[in-house]
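Novice: Kindly generate the corresponding structure for this input.
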Amino acid sequence: MIQPDQVRKKAKEREEENFRFRSYLKIHADEKKLDRQFLRLHKELFADYDCSKCRNCCKMYKGSIPPDDISKDAQHLHMTKEQFISTYLEKDEYDTNYQTKHKPCDFLQEDGNCKLGDCKPNSCKIYPYTDQPERLFSLLSVLDTVEICPVAFEIYERLKKEYGFRKRR
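Specialist: Residues are numbered from 1 along each chain as shown. Coordinates of the predicted model:
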């Protein structure tokens, strides 16, 4: 598995190839089969992967907090809702959700754990979304994820092998 501090560099080196593979999948891949492949590889690779040793996602993104989560998150941190918002959050660019004020995420602790614990947003819990359905229709976002998550990078590389893509150059 690629080291977390190398994933962006390696993904940038393969950016053109990755984009061509995305185009190839859009034309040739069966949606249901591709979802099964992503899910299988996701389960296989995450079975032995400790995300707390990486946390690139927390380092490179601001955390996104849905308004419905704010009360429970504030309570988890023993704060009022107002204190929680003023300390950690700002409105996102669409003015619908809140996001953390900083990158890395304000809730990332030095040990790689999240201050919000089990209260962390669902979007964080399911990142990098490689086990979610309809991957064929979100391959552009997969390319973004490949630059951040070592597991997503490896999934994409293994898919290239499964499709014999490198041989097609």
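Novice: so where's the protein shaky on pLDDT?
Specialist: Residue ranges of the chain with pLDDT under 70: 166-169.
Novice: For it, which segments count as helices?
Specialist: Listed in chain order, the helices of the chain (DSSP state H) span 7-13, 15-28, 31-46, 56-60, 70-76, 81-88, 122-125, 139-146, 150-162.
Novice: quick one: buried residues of the last one?
Specialist: Within helix 150-162, the residues that qualify as buried are 150-157, 159-160, counting by 16 or more other C-beta atoms under 10 Å. Bear in mind the C-beta positions are built from the backbone N, C-alpha and C, glycine included.
Novice: I'd like the residues you listed as TSV, with distance to residue 58 appended.
Specialist: Output for these, formatted as TSV (distance: C-beta to C-beta, whole Å):
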residue	distance to residue 58
150	14
151	14
152	15
153	17
154	19
155	19
156	21
157	23
159	25
160	27
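Novice: Please report how far the most centrally placed residue in the chain lies from residue 159.
Specialist: Nearest residue to the geometric centre of the chain (C-alpha atoms, centre = their mean): residue 128, 3.0 Å. Going from residue 128 to residue 159 by C-beta to C-beta, to the nearest Å gives 14 Å.
Novice: Quick one, which of the helices of the chain gets closest to residue 99.
Specialist: Comparing the helices of the chain against residue 99 with C-beta to C-beta, the closest turns out to be helix 81-88 (9.5 Å).
Novice: Mind giving me the packing neighbours of the closest one?
Specialist: The contact analysis (3 or more C-beta pairs under 8 Å, 6 or more residues apart in numbering; DSSP states H and E) places helix 81-88 against helix 70-76.
Novice: now could you export just the CA positions of the helix it packs on as PDB?
Specialist: Provided in PDB are the C-alpha atoms of helix 70-76 (Å, rounded to 0.1, in the frame of the first residue of the first chain):
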ATOM      1  CA  ILE A  70     -24.800  20.400  15.800                       C
ATOM      2  CA  SER A  71     -26.700  19.900  19.000                       C
ATOM      3  CA  LYS A  72     -25.400  16.300  19.600                       C
ATOM      4  CA  ASP A  73     -21.800  17.300  18.600                       C
ATOM      5  CA  ALA A  74     -21.900  20.300  21.000                       C
ATOM      6  CA  GLN A  75     -23.300  18.100  23.800                       C
ATOM      7  CA  HIS A  76     -20.500  15.500  23.100                       C
END
